[in-house]
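J.: After the sequence you'll find the predicted model.
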Amino acid sequence: MNSILKIAITGPESTGKSQLAEELAGYYNTVFVPEYARGYIDRLDRPYNRKDILEIAKGQIREEVLMDQQATRMLFCDTELIVTKIWSEVKYGICNPWILKKIEENNYDLFLLCNIDLPWEEDPQREHPHMREKLFSLYMDELTERGFPFKVVSGIGRERLANAIGFVEMAINELNIRIVE
């Protein structure tokens with residue numbers, strides 16, 4: 001039986017999630033789900049609002065379903081709904097119940113939580129350069145409290161990728177998943 005390992009790349013902004021998702025997909029010769037929020041916000045002709053965060057969450061899930069059909073071995077997801085939850089709670093003090101329900105339906109085999117050891121990179125969509133430690137703690141607490149399987153990925157450049165690959169290999173072994181070439 002062929003199993004697809006589904007891995008979420010999560011963490012605060014400017015921690016290398018997008019790059020890591022793309023590099024892991026390349027290493028394992030499979031596909032990844034890009035961060036839906038980035039394109040969504042780029043297309044807006046106004047500042048985003050609380051309702052947009054729900055639409056972004058729904059779009060992220062739609063993209064995951066589409067890419068899951070194309071995945072041959074593994075599926076790497078650049079962000080997931082814990083990102084939208086924390087974003088919404090930090091920005092608006094509340095999170096839509098639909099997002100919370102979908103988080104409860106967790107279908108990831110592993111979360112790779114990107115550490116804040118990378119230098120901050122300015123980007124018009126990034127909002128909290130001075131909250132990195134607090135945000136990282138929110139992610140750590142969320143994953144821990146939910147009992148979701150996660151590993152913290154640290155390191156600069158190729159070291160970060162190598163560490164992530166090591167965690168993926170551990171998950172393959174622990175879950176006894178046969179990854180078919």
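T.: Alright, I've got the coordinates.
J.: what's the closest residue in space to residue 164 that isn't next to it in sequence in contact with, if anything?
T.: Leaving aside its chain neighbours, residue 164 sits nearest to residue 153 (4.8 Å; criterion: CB to CB, 6 or more residues apart in numbering). Every residue, glycine included, has its C-beta placed from N, CA and C. Applying CB atoms under 8 Å, 6 or more residues apart in numbering to residue 153 gives the contacts 20, 112, 113, 114, 115, 160, 163, 164, 167.
J.: Which of those residues sits closest to residue 136?
T.: Top of the list for closeness to residue 136, among the contacts of residue 153 and by CB to CB, is residue 115 at 7.1 Å.
J.: roughly how far apart are the residue nearest to residue 164 and residue 117?
T.: Using CB to CB, to the nearest Å, we find residue 153 at a distance of 9 Å from residue 117.
J.: With residue 138 instead?
T.: 17 Å.
J.: swap in residue 21?
T.: 18 Å.
J.: hmm, back to that, next up, phi/psi of the residue nearest to residue 164, please.
T.: Torsion angles at residue 153 (phi, psi; degrees, to the nearest 10) stand at phi -100, psi 120.
J.: For it, give the beta-bridge partners.
T.: Residue 153 has these beta-bridge partners by DSSP bridges: residue 114.
J.: and it, how far is that from residue 10?
T.: Counting by CB to CB, the gap from residue 153 to residue 10 is 10 Å.
J.: Please enumerate the shared neighbours of those two.
T.: 112, 113, 114.
J.: Name the SS class of the first one, please.
T.: This points to residue 112. What DSSP: H, G, I helix; E, B strand; the rest coil gives for residue 112 is strand.
J.: Quick check: it touching residue 9?
T.: Yes. Look at residue 112 against residue 9 with CB atoms under 8 Å: they come within range, at 5.1 Å.
J.: quick one, which of these two is more surrounded?
T.: The neighbour count for residue 112 versus residue 9, taken as other CB atoms under 10 Å, is higher for residue 9 (30 against 25).
J.: which stretch of helix or strand covers the more buried one?
T.: strand 5-10 (DSSP states H and E).
J.: Could you give the average pLDDT over that strand?
T.: Mean pLDDT, computed over strand 5-10, is 96.
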